[in-house]
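Colleague: Model the structure of this input:
(one chain, ligands or ions: 1)
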Amino acid sequence: MIDPIQWVRCFAELIDEHTDELTELDAAIGDADHGSNMRRGTAAVVDALAESAPPTPAAALKQVGMTLIRTIGGASGPLYGTFFLRCAAAAGDSDFDAANFAKAFRAGLDGIVTRGKAESGDKTMFDALAPAADALDQRLADGDSLADALDAAVVAAEAGRDATIPMLARKGRASYLGERSVGHQDPGATSATLLVLAARQAIG
Ligand SMILES: [Mg+2]
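Modeller: Just a heads-up that it's a prediction; the model follows:
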């Protein structure tokens with residue numbers, strides 16, 4: 001089982017630990033605000049959850065999504081916000097067992113695709129999240145535990161993140177750089193990998 005609130009708390013902690021790295025990556029191909037934006041947004045989420053604990057996973061994830069949209073800003077706010085709003089809609093009132101979590105994660109990813117129109121190889125967060133979702137689904141279909149499936153999802157996300165380095169950015173601010181975006185790891189794919197790692201850490 002995954003407690004959705006614990007997932008988000010773990011994500012906030014990982015973002016806090018990696019803020020400088022995200023800032024440096026975004027300084028190379030963006031406007032150097034991804035670290036501070038993500039830290040502000042995830043800290044606001046943790047504060048809001050501490051003030052009022054929503055009664056269901058769906059309500060908690062909806063609150064997370066709304067808070068991220070309001071506080072992260074830039075391109076990442078609506079994308080991460082949409083991810084969690086779609087997760088919320090897919091989660092309903094049920095707890096996150098393996099099947100429900102995979103369904104919600106896939107729904108969140110689909111929301112990012114709808115919102116950002118990103119495809120594989122565009123050098124975005126999609127390049128980390130899509131292989132993670134595929135690995136998760138595949139391992140669960142093979143009968144693995146949620147923990148083992150998420151271990152595989154983390155490895156897939158990391159590989160997807162690392163694969164953004166040689167890519168030419170086709171979305172977002174980095175795409176303005178054209179060829180100069182090549183050779184840099186995508187900040188969004190980097191924070192998205194932390195989102196997958198956070199889910200693994202949140203397994204109770
Ligand atoms: Mg930026």
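Colleague: Would you map the helices across this protein?
Modeller: Secondary structure of the chain (DSSP state H): helices at 4-17, 19-29, 34-51, 57-71, 76-91, 98-116, 126-141, 146-163, 187-201.
Colleague: got those helices as a markdown table, with mean neighbour count and mean pLDDT columns?
Modeller: Glycine gets a C-beta too; all of them are placed from N, C-alpha and C. Shown next, in a markdown table, are the helices of the chain (neighbours: other Cβ atoms under 10 Å; pLDDT from 0 to 100):
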| stretch | mean neighbour count | mean pLDDT |
| --- | --- | --- |
| helix 4-17 | 20 | 97 |
| helix 19-29 | 19 | 97 |
| helix 34-51 | 20 | 96 |
| helix 57-71 | 21 | 96 |
| helix 76-91 | 23 | 96 |
| helix 98-116 | 20 | 96 |
| helix 126-141 | 22 | 98 |
| helix 146-163 | 21 | 98 |
| helix 187-201 | 25 | 98 |
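Colleague: Tabulate those helices (TSV), appending distance to Ser181.
Modeller: Listed next are the helices of the chain as TSV, based on distance: least, Cβ to Cβ, whole Å:
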stretch	distance to Ser181
helix 4-17	23
helix 19-29	5
helix 34-51	14
helix 57-71	25
helix 76-91	17
helix 98-116	16
helix 126-141	13
helix 146-163	14
helix 187-201	11
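Colleague: And those helices: which comes nearest Ala169?
Modeller: When those are compared by Cβ to Cβ, helix 19-29 sits nearest Ala169, at 6.6 Å.
Colleague: what packs against the closest one?
Modeller: Packing contacts for helix 19-29, counted by 3 or more Cβ pairs under 8 Å, 6 or more residues apart in numbering; DSSP states H and E, involve helix 34-51, helix 187-201.
Colleague: Let's see it as PDB, backbone CA atoms only.
Modeller: Extracted C-alpha coordinates of helix 19-29, given in PDB (Å, rounded to 0.1, in the frame of the first residue of the first chain):
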ATOM      1  CA  THR A  19      16.900  21.900  -5.000                       C
ATOM      2  CA  ASP A  20      20.400  23.000  -5.900                       C
ATOM      3  CA  GLU A  21      20.800  20.300  -8.500                       C
ATOM      4  CA  LEU A  22      17.500  21.200 -10.200                       C
ATOM      5  CA  THR A  23      18.500  24.800 -10.200                       C
ATOM      6  CA  GLU A  24      21.800  24.100 -11.800                       C
ATOM      7  CA  LEU A  25      20.200  21.900 -14.500                       C
ATOM      8  CA  ASP A  26      17.600  24.600 -15.200                       C
ATOM      9  CA  ALA A  27      20.300  27.300 -15.300                       C
ATOM     10  CA  ALA A  28      22.000  25.400 -18.200                       C
ATOM     11  CA  ILE A  29      19.000  25.200 -20.500                       C
END
